[in-house]
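Asks: Just a sequence and a predicted model for now, questions to come.
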Amino acid sequence: MAEFVGAIDQGTTSTRFMIFDHGGNEVGRHQLEHEQILPQAGWVEHNPTEIWERTSSVVQSALNSAKLNASDLTAVGITNQRETSVVWDRKTGRPLYNAIVWQDTRTDRIASALDRDGRGDVIRRKAGLPPATYFSGGKIQWILENVDGVRDAAERGDAIFGNTDTWLLWNLTGGRDGGVHVTDPTNASRTMLMDLETLDWDDELLGFFGIPRSMLPEIQPSSNPAGYGTTRANGPFGGELLITGDLGDQQAATVGQVCFSPGEAKNTYGTGNFMLLNTGTELVRSKSGLLTTVGYKFADEPAVYCLEGSIAVTGSAVQWLRDQLGIISGAAQSESLARQVEDNGGVYFVPAFSGLFAPYWRSDARGAIVGLSRYNTNAHLARATLEAICYQSRDVAEAMEQDSGVHLEVLKVDGGVTANELCMQIQADVLGVPVSRPVVAETTALGAAYAAGLAVGFWKNTDELRSNWNESKRWEPQWSDEQRSTGYERWKKAVTRTLDWVDVD
């Protein structure tokens with residue numbers, strides 16, 4: 001058997017290809033950013049063709065730098081930015097519009113209309129999601145209604161939809177020349193179109209959005225022994241290779257963090273933050289503003305569900321300091337700048353650029369910096385930005401405890417922001433529980449590799465994956481209970497200042 005497993009990690013700001021050995025250790029990677037297209041306020045798009053080209057490049061570069069080829073890989077998995085919606089022509093292979101990104105808020109009228117007439121309650125019950133701009137269903141409806149010719153193409157069966165996992169799977173397996181049109185339950189559960197109990201597209205939900213069923217991919221297991229399809233020899237792998245893993249990025253990180261038992265949770269720090277709590281094979285309906293989602297489905301085993309708290313803007317708030325305000329030259333500088341001050345100087349930053357996601361679900365909110373005085377400096381703003389990441393995570397952790405009755409004992413963390421050690425210390429302080437980072441912080445790609453490798457027997461079972469997990473660093477809380485409660489109360493006060501800013505019909 002070949003010695004390695006590959007994983008494509010198609011994210012919001014970049015795409016990477018990583019190669020892992022049996023111990024879960026990284027043996028090769030390459031990563032490229034892609035353009036963030038911002039046509040107007042609240043609109044966020046990507047070029048699907050650019051994403052496919054970047055994917056091809058990172059696969060080739062990672063294999064070349066590791067001096068490997070397709071025959072050295074047992075299988076390959078894919079993980080992806082969820083909810084980001086691509087509609088393309090199956091005959092030509094061309095996207096019919098740019099990908100509409102999960103952060104995009106143009107569908108706020110669609111989402112609010114669903115809640116006004118009772119359809120929102122049906123979506124909550126069947127799909128486990130609140131009607132929100134975040135999810136794919138409204139984005140598909142917008143494209144069908146606003147892009148010339150797409151509705152007709154969809155009715156003919158020519159226009160098809162996928163999140164970015166489906167788009168890449170289709171291209172990797174031949175594109176218009178026999179490409180497979182498939183997804184997995186974790187991605188399908190982010191559309192408002194799949195019934196969580198049947199794990200199939202629901203005709204009533206499709207009717208709410210006016211989406212023909214023929215547009216949608218076939219839903220197959222997240223770890224698929226039969227494989228979704230085989231890479232083409234003339235593609236980026238330069239050989240035929242079975243694709244056997246497909247997980248949305250946050251579910252992939254849950255697998256990479258080996259959260260296989262009910263009650264285990266992880267928090268991923270990327271463009272946004274995403275905390276997931278494994279609830280086992282039981283569907284837990286949230287009463288506290290969380291999402292019920294599929295965690296993973298391995299082969300013919302029952303689906304495992306999660307409660308999820310999705311936060312729209314965390315790492316991207318640091319990017320905003322860099323790109324829009326210009327007060328730092330790189331993400332790493334946010335830590336050194338914030339360390340220049342002992343606290344936030346009374347400044348709170350609520351980065352509700354795309355409204356507020358969990359647990360508030362307020363599309364009318366917009367970002368606010370409050371508590372400013374003449375005393376404050378750019379260092380206080382940098383510190384407030386890091387604290388915003390941590391306070392938003394506490395909002396979700398509190399909701400998770402209310403829904404599940406499970407008190408967090410330790411928080412497993414991963415993703416790019418975990419390299420910021422000050423931010424991780426603040427997270428422990430704000431939560432009042434230890435924060436634990438694994439040796440392999442890129443658990444999203446690792447989880448996709450695990451799903452692919454389990455399917456073909458490269459790893460025998462999840463116990464073998466647990467043995468691969470090792471802690472890199474742990475942060476213990478240092479704040480007093482009074483500091484913690486005072487800071488959180490002021491944070492919640494700051495959140496109220498962001499609400500009712502945008503009129504939503």
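Replies: All right, it came through fine.

Asks: got the contact list for stretch 470-480?
Replies: Here stretch 470-480 makes contact (CB atoms under 8 Å, 6 or more residues apart in numbering) with 421, 424-425, 427-439, 441, 484, 487. The way it works is simple: take the backbone N, C-alpha and C, and place the C-beta from them, glycine included.

Asks: Mind checking which of those are in helices?
Replies: Residues of those located in helices (DSSP state H): 421, 424-425, 427-431, 484, 487.

Asks: which of the residues you listed tops the neighbour count?
Replies: Counting neighbours by other CB atoms under 10 Å, residue 427 leads the ones in helices among the contacts of stretch 470-480 with 30 neighbours.

Asks: so for stretch 277-296, what's the average pLDDT?
Replies: Mean pLDDT, stretch 277-296: 91.

Asks: any idea how far that stretch is from the chain center?
Replies: How far stretch 277-296 lies from its chain's middle: 16 Å, per CA atoms, centre = their mean, to the nearest Å.

Asks: which secondary structure element contains residue 74?
Replies: Assessed by DSSP states H and E, residue 74 sits inside strand 73-80.

Asks: Show me what that strand is packed against.
Replies: Packing partners of strand 73-80 (3 or more CB pairs under 8 Å, 6 or more residues apart in numbering; DSSP states H and E): strand 4-10, helix 164-172, strand 242-248, helix 249-256, helix 443-455.

Asks: what angle sits between it and strand 4-10?
Replies: 20 degrees (axes from the mean of the first three to the mean of the last three CA atoms, to 10 degrees).

Asks: Can you add distance to residue 124 and pLDDT and give the ones in helices among the contacts of stretch 470-480 back as a markdown table?
Replies: Shown next, in a markdown table, are those (distance: CB to CB, whole Å; pLDDT from 0 to 100):
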| residue | distance to residue 124 | pLDDT |
| --- | --- | --- |
| 421 | 39 | 95 |
| 424 | 34 | 96 |
| 425 | 37 | 97 |
| 427 | 30 | 97 |
| 428 | 33 | 97 |
| 429 | 34 | 97 |
| 430 | 29 | 97 |
| 431 | 28 | 95 |
| 484 | 32 | 96 |
| 487 | 32 | 96 |
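
Asks: Kindly indicate which of those residues lies nearest residue 345.
Replies: Lowest distance from residue 345 to the ones in helices among the contacts of stretch 470-480 (CB to CB) belongs to residue 487, with 12.5 Å.

Asks: can you pull the contacts of the closest residue to the closest one other than its chain neighbours?
Replies: Nearest residue to residue 487, sequence neighbours excluded (CB to CB, 6 or more residues apart in numbering): residue 430, at 6.9 Å. The contact partners of residue 430, by CB under 8 Å, 6+ apart, come to 387, 390-391, 393-394, 479, 484, 487-488.

Asks: now swap in residue 323 and tell me
Replies: Listed by CB under 8 Å, 6+ apart, residue 323 has no contact partners.

Asks: confidence score at it?
Replies: Reading off the model, residue 323 has pLDDT 90.

Asks: I figured residue 210 hits residue 141, correct?
Replies: Yes - counting by CB atoms under 8 Å, residue 210 does reach residue 141; the two are 6.0 Å apart.

Asks: Among those two, which residue is more densely surrounded?
Replies: The neighbour count for residue 210 versus residue 141, taken as other CB under 10 Å, is higher for residue 141 (18 against 13).

Asks: Buried residues, the host helix or strand of that one. List them.
Replies: Taking DSSP H and E as the criterion, the element that holds residue 141 is helix 136-146. By neighbour count on 16 or more other CB atoms under 10 Å, the buried set for helix 136-146 is 136-144.

Asks: Can you pick out the most distant pair from those?
Replies: Taking CB to CB, no two of these sit farther apart than 136 and 144, at 12.4 Å.

Asks: what's the neighbour count on residue 422?
Replies: Using other CB under 10 Å, residue 422 is surrounded by 17 other residues.

Asks: Ok, residue 201 next?
Replies: 19.

Asks: thinking again about what came up before, among the helices and strands packed on strand 73-80, which is nearest residue 349?
Replies: helix 249-256 (23.7 Å).
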